[in-house]
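In: Sharing a model that was predicted from the sequence below.
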Amino acid sequence: MIIMMIAVFVIGYGCITLEHKIKIDKAATALFMFGLIWSVYALYTGDVSDRLVEHLGTTCETLIFLIGAMTIVEVIDTHGGFSVITRRITSRNKFHLLWLLSILTFFLSAVLDNMTTTIIMVMLLRRIIPERADRLLFAAIVIIAANSGGAWSPIGDVTTIMLWMQGNVNAGGLVGYLFLPSVVSLLIPTYVVARKFRNAPLLSADYMQQADNQQYNVGPRVSRGVLLAGVLSLLFVPVFKSAVGLPPYVGIMLSLGAMWILIEILYDRKGVEEDLQHRVSKVLHRIDMSTILFFLGILMSVAGLQSAGILSSAADFLDKNVHEVFTIASTVGILSAIVDNVPLVAACMGMYPVADEAMIASAADPQYMQFFTENGLFWLLLTYCAGVGGSLLIIGSAAGVVAMGLEKIDFSWYLKNISSVMLLGYFAGVLVIFIE
């Protein structure tokens, strides 16, 4: 049974990484893999309904959160909210512009998700950087900034959302311990790339085409208002969790409900028929459900391996043969540059439960077990390494894959020009965590 389940997962994951080669959507593969793994498990062990329902409930908490967050982001975009930001970028100096976009992406990714932020910034680059060679370097820094920015925020990346929602880390721990390492991981590659533009000629005065609010059929006041409401809605979620104690998916649903009511009131007062396309009921049709179903398949597949005891056996092996949290987490980060960080983090969560006082007291090595408490060193390291490590290769993160598709960035170009400097930034951040 164990061999069959591992074989299904390895083959399925191989098909996911070769999605563009085999022409099969990764969501379809993930769902098929999920069904096969649990079928094999059920055939060999009997009734697994209780475990299946338990894991499905935990997984759906993450999916509901993602649906809410993605809907709010789509509402902002539909109303031209992001153009409010891009229209204020007026620098003509490429050196200064690179630093500006790097910092903007870093903080924007902490509020939104890194994939959405990358799409926004890459589309902006197409309007303001005419030379393709320069634009590729800018896009690479956008990828790094998006991943580093998402690593220290509880809502900045799918993996941080997973760890935050399951109680492995909390918002205070992420911001307090990982903000500085994330900044360092961005500063080093940005500094190296920015040096290439220190003496670059200025961009022409008409380098940027101003975004036209008419394409959104809304005025600038509406765009600014929806942007402000959306950002505040997203920022409200960690505050809500800390104040009320309910899971984050309840907070995001509360925020989405409030945004929905706001939009309904806005257009009921305007009474313009054409504005129906901007209502949340229409925006929901643009949510990428294939991405949601992909996460369902991946997380439930990992849950099957966890239920069968495969992940706990792997954890025992690492404890006996490695027994060093920096090595384990750093390795996971490097692996996340090759394979998706979502299943890697999900696997680690299944391998290592969040330790409580009873587990620490009964452990053979209590000092080592303390690394696995809420906000323990291992979980903070894992959050950083899985998020930032995805920048080591162009295929290592959702942000990288999106930029690769939009700008046709070659894998070997990124490996030659970016990977080595990103590796320095990655380990520099790990060193900062070690010193802290």
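Out: Structure received.

In: what mean pLDDT does stretch 399-412 have?
Out: Regarding stretch 399-412, the rounded mean pLDDT is 79.

In: actually stretch 223-231, sorry about that
Out: Across stretch 223-231, the average pLDDT comes to 88.

In: centre of the chain versus that stretch, how much separation?
Out: 22 Å (Cα atoms, centre = their mean, to the nearest Å).

In: same check, this time on stretch 142-150
Out: So, by Cα atoms, centre = their mean, the centroid of stretch 142-150 is 9 Å from its chain's centroid.

In: same question for it, mean pLDDT?
Out: When the per-residue pLDDT values of stretch 142-150 are averaged, the result is 94.

In: shaky segments in the protein?
Out: Counting by pLDDT under 70, the chain has low-confidence residues at 20, 86, 90-91, 202-218, 269-276, 311-312, 315-316, 319, 323, 338-340.

In: all strands for it, in order.
Out: In chain order, the chain shows no strands, with DSSP state E as the criterion.

In: Nearest residue to the middle of it?
Out: When Cα atoms, centre = their mean is applied to the chain, the residue found nearest the centroid is Asp157 (2.4 Å).

In: show me what contacts the closest residue to it other than its chain neighbours?
Out: Of all residues not flanking Asp157 in the chain, Gly150 sits nearest, at 3.6 Å (Cβ to Cβ, 6 or more residues apart in numbering). Bear in mind the C-beta positions are built from the backbone N, C-alpha and C, glycine included. By Cβ atoms under 8 Å, 6 or more residues apart in numbering, Gly150 lies in contact with Ser109, Ala110, Asp113, Asn114, Thr117, Gly156, Asp157, Thr160, Gly387.

In: and the second one, how far is that from Val142?
Out: Relative to Val142, Ala110 is positioned 14 Å away (criterion: Cβ to Cβ, to the nearest Å).

In: between those two, who's got more neighbours?
Out: Val142 (31 against 28; other Cβ atoms under 10 Å).

In: The more buried one is in contact with Thr105, isn't it?
Out: Yes. If you go by Cβ atoms under 8 Å, Val142 and Thr105 touch, sitting 5.3 Å apart.

In: Please tell me how far the residue nearest to the centre of the chain sits from Val237.
Out: Relative to Val237, Asp157 is positioned 14 Å away (criterion: Cβ to Cβ).

In: give the contact list for Gly68.
Out: Gly68 is in contact with Tyr249, Ile252, Met253, Ser255, Leu256, counting by Cβ under 8 Å, 6+ apart.

In: now those residues as JSON lines including neighbour count?
Out: Formatted as JSON lines, the entries for the contacts of Gly68 read as follows, by neighbours: other Cβ atoms under 10 Å:
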{"residue": "Tyr249", "neighbour count": "22"}
{"residue": "Ile252", "neighbour count": "27"}
{"residue": "Met253", "neighbour count": "15"}
{"residue": "Ser255", "neighbour count": "23"}
{"residue": "Leu256", "neighbour count": "20"}
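
In: Just name the closest of these to Gly400, please.
Out: Closest to Gly400 out of those is Ile252 (25.6 Å), distances taken as Cβ to Cβ.

In: if I read this right, the closest one contacts Val237, doesn't it?
Out: Yes. The pair Ile252 / Val237 is scored as a contact, 5.3 Å apart, by Cβ under 8 Å.

In: Tell me, how many residues neighbour Arg195?
Out: Using other Cβ under 10 Å, the number of residues around Arg195 comes to 10.

In: should've said Phe65
Out: 24.

In: same thing with the one 10 residues further on?
Out: The number of residues packed around Val75, counting by other Cβ under 10 Å, is 26.

In: thought it was touching Val226?
Out: Yes. Assessed by Cβ under 8 Å, Val75 is found in contact with Val226 at 6.6 Å.

In: what touches both of these two?
Out: Taking Cβ under 8 Å, 6+ apart as the contact rule, the neighbours common to Val75 and Val226 are Ile263.

In: For stretch 259-266, give me every contacting residue.
Out: Residues external to stretch 259-266 that are found in contact with it (Cβ under 8 Å, 6+ apart): Ile72, Val75, Val222, Val226, Ala229, Gly230, Ser233, His278, Arg279, Val280.

In: Quick one: distance of that stretch to the chain centre.
Out: For stretch 259-266, the distance from its own C-alpha centre to the chain's C-alpha centre is 28 Å (Cα atoms, centre = their mean).

In: next one: stretch 124-135
Out: Mean C-alpha position of stretch 124-135 versus that of the full chain (Cα atoms, centre = their mean) differs by 25 Å.
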